[in-house]
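Visitor: sharing a model that was predicted from the sequence below.
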Amino acid sequence: MSFLEYTQKTTPSGLSKILHLNWALIILLTSVCCIGFLMLYSVAGGSMSPWASTQMERFALGFVVMIIVAVVPIWFWRNVSAVAYIISILLLIGVELFGVTQMGAQRWIDLGFMRLQPSELTKITLVMVLAAYYDWLDSRLKSHPGFVAIPVGLILLPVGLTFIQPDLGTALLMLMGGAGVMFLAGVHWIYFAAVITSGVGLVGAVLYSEGRSWQLLQEYQYDRIAIFLNPTSDPLGEGYQITQSQIALGSGGWTGRGFMQGTQSQLNFLPEKHTDFIFTTLAEEFGFLGAASLLVLYLLILLFCVVTAVRTKDRYASLVTLGVAFTFFLYFAINMAMVMGLAPVVGVPLPLVSYGGSVMLVLLAAFGLVQSAHIHRPR
């Protein structure tokens with residue numbers, strides 16, 4: 001009996017699949033989203049509009065999408081991984097042709113009822129296609145240079161298309177997410193050592209190119225690097241955002257100033273308080289304990305993903321689950337490091353908490369893949 005036949009005979013069918021959902025994971029995801037609703041209500045001055053109510057609607061849609069993805073067998077998602085990846089690449093190209101420009105970047109496609117950011121979708125379809133590739137590939141060939149070049153090309157294509165939007169933060173997150181799947185698949189460590197060494201050299205080249213005719217980054221990206229290294233050099237200009245963020249983080253103390261009592265967010269000292277810097281608002285109003293509680297929820301979500309990956313006997317299901325978990329980790333780790341001044345401000349949202357439709361829908365769909373792996377594992 002083939003693995004597929006065995007899986008089909010030993011996994012639930014029909015409506016019984018709903019009962020086999022990982023409800024603990026669903027409760028954790030919903031709890032994180034509720035924290036987001038609460039903070040969006042707070043930063044709007046105690047109003048459901050314009051952010052909290054819209055985010056709730058997106059969550060409701062995303063929840064339905066997650067359930068639909070979950071009840072579809074995981075082998076189906078493996079079979080359509082390449083198609084999903086190609087569609088996301090075409091959408092990235094579409095951004096260049098007729099995308100919407102906002103805040104100096106062309107990253108969105110206007111669908112009428114919402115603006116879709118294809119780069120967010122590509123983070124997950126990249127994980128899917130890489131997991132499908134290593135599921136197909138003979139394990140003895142995973143570190144062969146010729147077969148390493150293929151996933152590298154699959155990663156660099158969307159990274160390049162995202163970088164020119166320009167969206168350095170998403171491009172870097174995509175690059176690290178793809179590399180993470182390769183590492184989890186068992187590619188030899190020597191390749192990663194070579195990449196890290198090359199990365200150090202690239203950073204040097206980027207810094208050296210500033211002000212020259214072959215400058216590698218945009219001016220605003222160099223400004224972000226300079227402010228990261230010394231935010232107090234321009235506290236009322238380029239360093240204003242991170243300076244206000246650090247003030248808010250420090251003023252929260254252990255227990256915070258209280259709900260809707262934060263000075264930096266309520267008095268509008270903190271820019272982007274509903275998107276990239278919403279963690280700062282949480283820390284100011286609920287203190288270290290509130291921020292740590294959110295971090296615990298995130299870590300529990302990762303734990304449930306790892307447990308699902310370990311229990312499944314399907315290589316694709318295991319890799320795609322770990323890939324989703326690692327991508328989710330990169331989201332909140334980079335965002336938290338960014339608002340604390342430990343990393344440059346690169347525009348990475350706090351997952352399921354920051355205001356934004358594309359990230360919400362894509363992440364819930366991604367956790368639908370995790371649920372599909374959980375439901376359809378042999379029992």
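Guide: Good, I have the coordinates.
Visitor: so what's the residue count around residue 263?
Guide: 13 (other CB atoms under 10 Å). For the C-beta atoms, the positions are set from N, CA and C on the backbone; glycine is no exception.
Visitor: pretty sure it is in contact with residue 257, am I right?
Guide: Yes: Residue 263 is in contact with residue 257 according to CB atoms under 8 Å; the separation is 7.2 Å.
Visitor: which residues are in contact with both of those two?
Guide: 251, 284 (CB atoms under 8 Å, 6 or more residues apart in numbering).
Visitor: give me every residue that touches residue 128.
Guide: Residue 128 touches 77-78, 81, 84-85, 320, 323, 369, counting by CB under 8 Å, 6+ apart.
Visitor: residue 46 now?
Guide: Contacts of residue 46 (CB under 8 Å, 6+ apart): residue 260.
Visitor: so it: helix, strand or coil?
Guide: With DSSP: H, G, I helix; E, B strand; the rest coil as the basis, residue 46 sits in coil.
Visitor: separation between it and residue 355?
Guide: Distance, residue 46 to residue 355, using CB to CB, to the nearest Å: 16 Å.
Visitor: got it, and residue 270?
Guide: 14 Å.
Visitor: correct me if wrong: residue 139 contacts residue 147.
Guide: No: here residue 139 does not reach residue 147: they are 10.8 Å apart, not a contact under CB under 8 Å.
Visitor: list phi and psi for residue 107.
Guide: The phi/psi pair for residue 107 (degrees, to the nearest 10) reads phi -130, psi -10.
Visitor: quick one, grab the pLDDT at the nearest residue to it once chain neighbours are set aside.
Guide: Of all residues not flanking residue 107 in the chain, residue 165 sits nearest, at 5.0 Å (CB to CB, 6 or more residues apart in numbering). You'll see residue 165 listed with a pLDDT of 82.
Visitor: the residue positioned nearest the centre of the chain is in what secondary structure piece?
Guide: For the chain, residue 331 is the residue whose C-alpha lies nearest the centre (CA atoms, centre = their mean; 4.2 Å). If you go by DSSP states H and E, residue 331 is part of helix 315-339.
Visitor: cool, residue 295 as well?
Guide: Going by DSSP H and E, residue 295 is in helix 278-311.
Visitor: what is that helix packed up against?
Guide: helix 23-43, helix 240-251, helix 263-266, helix 315-339, helix 357-375 (3 or more CB pairs under 8 Å, 6 or more residues apart in numbering; DSSP states H and E).
Visitor: at 6 Å instead, please
Guide: helix 23-43, helix 240-251, helix 315-339, helix 357-375 (3 or more CB pairs under 6 Å, 6 or more residues apart in numbering; DSSP states H and E).
Visitor: and these, which one's lowest on average pLDDT?
Guide: Mean pLDDT, when computed for each of the helices and strands packed on helix 278-311, is lowest for helix 240-251, at a mean of 80.
Visitor: give me the number of residues near the closest residue to residue 169 other than its chain neighbours?
Guide: Nearest in space to residue 169, with sequence neighbours left out and distances taken as CB to CB, 6+ apart, is residue 346 at 3.1 Å. If you count neighbours by other CB under 10 Å, residue 346 ends up with 20.
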